[in-house]
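>>> turn this into a structure:
(2 chains)
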Amino acid sequence: MHEILATASGALGYVFPNDLHVHWSLMIVLYPYITGIVAGAFIVSSLYHVFHIKALKPLAKFSLLFAFAFLACATLPLMMHLGQPGRAMSMFLTPNPSSAMAGFGYIYTAYAFVLALEIFFIYRVHLVKRRQETTGWQHAMYTVFSMASDNLSERSLKLDRKIISFLAAIGIPMACVLHGYVGFIFGGVKANPLWATPLMPVIFLLSACVSGIAGIIVAYFLLRKIAGKSIDMDCVRTSIKFLWGFFIVDFTFEMLEIFSHGYMATAHWHTLHELLWGPLFNSYWVWQVMILSVIPFLLLGYVSIRKVSDSLLRIIAPVASVMILLQVLLMRWNVVIGGQLMSKSQRGSVDFQPHWFEKEGIFLSMVIMVLPIIILYVMGKVFPFWHDDNQSEV
Amino acid sequence: MQQNFKSSYNVHVVRILLTFVGMIIVGSLLRSLLLPSEFGDYGHYRPGAVTEEANREMRNKTNDSCLDCHYFVKKIHLKGVHEVVSCEVCHGAYSDHVKDGKVIGEMPVYRGEEIKSLCLRCHNKIIRARPPESIKMIAMPEHLEEKNVRTDHVCNQCHHVHAPYKWIKEAREMMGLPEKWEGGSSWKK
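Numbers count the residues shown, from 1 in each chain, chains lettered A, B, ... in the order given. From the prediction side, this is the model:
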């Protein structure tokens, strides 16, 4: 460690004036976090729809709605950060194929269509039936949602099943591209040694899968508890196994990336070292790695390998999932904020402290994280979450 | 249980496809309405922007424009180390003061505590990008303590804002002290 000379509160060593301020703050932490949850939740649904993991059936529909609710809010932090939501549509009016940032807009939009269509086809039977049962504005709403079709013949449903398989199949690479691309946006910033690694899309994607599955498990426990319904423990066991599997790969990659940098002592290693053992020590090593990765890793491993009782799993599964959700949030924080804490001078770093009520503050972040849950609640009024809510399903 | 349905088996799929086609048509119409006519002539750069920017009224001028009128300031300013500092850095844009050769508004002149924050805008030690050879960096009130003066002093009690070492040099001459400034830079010219 070098001799750190504190010159002012918030700056250590030699910091360029344009590095004093962390420009990409909490909103840019939330952007990959929310997008990751979308991609991960979609994977859960695909495990049932494409890979026919039958145990995950109770989650198959819910995870799609969960993904859609978060997808609806994924660009919100970006617009809050940029402050010009009116310009968001310019990327469609004047498309620029060489813009990395606009690329996300195109992938996001295409994915939103696929997701919306998949939800439509999966819920079509329900929508058509509701249309026949309801009157007034509800009838009008269901007429629009069901595309004014009343055909539920075997031939029609067969066509639906084909389309669902197709959408789910193209949805997987699209979900991977969606979040891999977020990783690419960070990984492509070659001036930032913490971000500029070709592994960034991989790590982002794996942590996305992990956060999505964990989010689904937490939401499943929570919503079923609130509704006073039973919890399908076989489904929980299977999702926990997938969560552990993805987390093994995710955590290993995260660690291997750091160790590769360290072992090769790459050009910027001294800067990264000072960052990770300096201002990021607590949030990275203590919290992200030691507390929120190692503990859930062991917990998930234990419940996956050993035959544990349902009552124990009922405690471990949500606890480990919440820890993993926090781990991924901290990972986003450490990447996004951490990457900006080191000065381009490579001789100093700054400090970052979010405030409650600033433009991109903690309060707004909480509002943005609550918003998908509200959207999900409203969606739940039209699209029932669970397969045991009604028997009419494809 | 063969049932008779009003709509055909694939009508929902056809309607979705038609919705997409409709969206593309509406989008294209909107695009043709919203897009500036000259867009695309130079890729994503709109040629009209050049003329728009060129026709924008100029807000800033050079020191020569200011010093044309401010003769007494000119005599001091051009002799001090602040010679290279633009008038507008501290006083604001020329266009707020003069229009078509007529004075249209007063320029801000900082006094008292305000002057301290104005000076520290460039001289604050926290901003470490510029080398000490080109600009004097200080911390407050450390600087005042070093110089053995009261810590409630403001900068222009010792420094003439246009020629920072003018009064110091004059005082040294009066007291018969050596001219070399201990900080490194000397009273210029």
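>>> all contacts plus neighbour counts: C-alpha atoms, from now on.
Noted.
>>> how about the residues of the stretch 51-200 of chain A by chain B?
A:93-94, A:96, A:146-153, A:155-156, A:159 (Cα under 8 Å from any Cα of the partner chain).
>>> export those to JSON lines and tack on distance to A:Phe16, secondary structure and pLDDT?
Output for those, formatted as JSON lines (distance: Cα to Cα, whole Å; DSSP: H, G, I helix; E, B strand; the rest coil; pLDDT from 0 to 100):
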{"residue": "A:Leu93", "distance to A:Phe16": "38", "secondary structure": "helix", "pLDDT": "87"}
{"residue": "A:Thr94", "distance to A:Phe16": "36", "secondary structure": "coil", "pLDDT": "88"}
{"residue": "A:Asn96", "distance to A:Phe16": "32", "secondary structure": "coil", "pLDDT": "88"}
{"residue": "A:Ser146", "distance to A:Phe16": "58", "secondary structure": "coil", "pLDDT": "92"}
{"residue": "A:Met147", "distance to A:Phe16": "58", "secondary structure": "coil", "pLDDT": "92"}
{"residue": "A:Ala148", "distance to A:Phe16": "62", "secondary structure": "coil", "pLDDT": "91"}
{"residue": "A:Ser149", "distance to A:Phe16": "63", "secondary structure": "coil", "pLDDT": "91"}
{"residue": "A:Asp150", "distance to A:Phe16": "66", "secondary structure": "coil", "pLDDT": "89"}
{"residue": "A:Asn151", "distance to A:Phe16": "66", "secondary structure": "coil", "pLDDT": "90"}
{"residue": "A:Leu152", "distance to A:Phe16": "66", "secondary structure": "coil", "pLDDT": "91"}
{"residue": "A:Ser153", "distance to A:Phe16": "69", "secondary structure": "coil", "pLDDT": "92"}
{"residue": "A:Arg155", "distance to A:Phe16": "67", "secondary structure": "helix", "pLDDT": "93"}
{"residue": "A:Ser156", "distance to A:Phe16": "65", "secondary structure": "helix", "pLDDT": "93"}
{"residue": "A:Leu159", "distance to A:Phe16": "61", "secondary structure": "helix", "pLDDT": "95"}
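>>> quick one, what contacts B:His12?
Contacts for B:His12 (Cα atoms under 8 Å, 6 or more residues apart in numbering or on different chains) come out as A:146-149.
>>> scratch that, A:Pro279 is what I was asking about
Contacts of A:Pro279 (Cα under 8 Å, 6+ apart): A:341, A:349, A:351.
>>> how about it, secondary structure?
Classification of A:Pro279 using DSSP: H, G, I helix; E, B strand; the rest coil returns coil.
>>> before we move on, the earlier item: which of the residues of the stretch 51-200 of chain A next to chain B sit farthest apart?
Pairwise distances across those (Cα to Cα) peak at 44.6 Å, for the pair A:Asn96 and A:Ser153.
>>> next, A:Ala317: phi, psi?
Phi and psi for A:Ala317, reported as degrees, to the nearest 10, are phi -60, psi -50.
>>> and the pLDDT for it?
A:Ala317 is assigned 96 on the pLDDT scale.
>>> same question for B:Ile135.
In this prediction, B:Ile135 has a pLDDT value of 87.
>>> again, but for B:Pro178
If you check B:Pro178, the pLDDT there is 72.
>>> looks like it contacts B:Arg172 (just checking).
Yes - proximity of B:Pro178 to B:Arg172 meets the contact threshold set by Cα atoms under 8 Å, at 6.9 Å.
>>> the more surrounded of those two?
Ranked by neighbour count (other Cα atoms under 10 Å in any protein chain shown), B:Pro178 and B:Arg172 place B:Arg172 first, with 15 against 10.
>>> A:Pro372 versus that one, what's the distance?
As judged by Cα to Cα, to the nearest Å, B:Arg172 and A:Pro372 stand 71 Å apart.
>>> biggest helix in chain B by residues?
Of all the segments of type helix in chain B, defined by DSSP state H, the longest one is helix B:11-34.
>>> for ChimeraX, write the select line for the buried members of the residues of the stretch 51-200 of chain A next to chain B.
For the buried members of those, the matching ChimeraX selection, counting by 16 or more other Cα atoms under 10 Å in any protein chain shown, is:
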select /A:93,146,147,148,149,150,151,152,153,156
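>>> can you tell me the element the spatially most central residue of chain B falls in?
Closest to where the C-alpha atoms of chain B average out (Cα atoms, centre = their mean) is B:Val89, at 7.7 Å. For B:Val89, the enclosing helix or strand under DSSP states H and E is helix B:87-91.
>>> list of residues touching that helix?
With Cα under 8 Å, 6+ apart as the criterion, helix B:87-91 contacts B:60, B:62-63, B:66, B:94, B:107-109, B:118.
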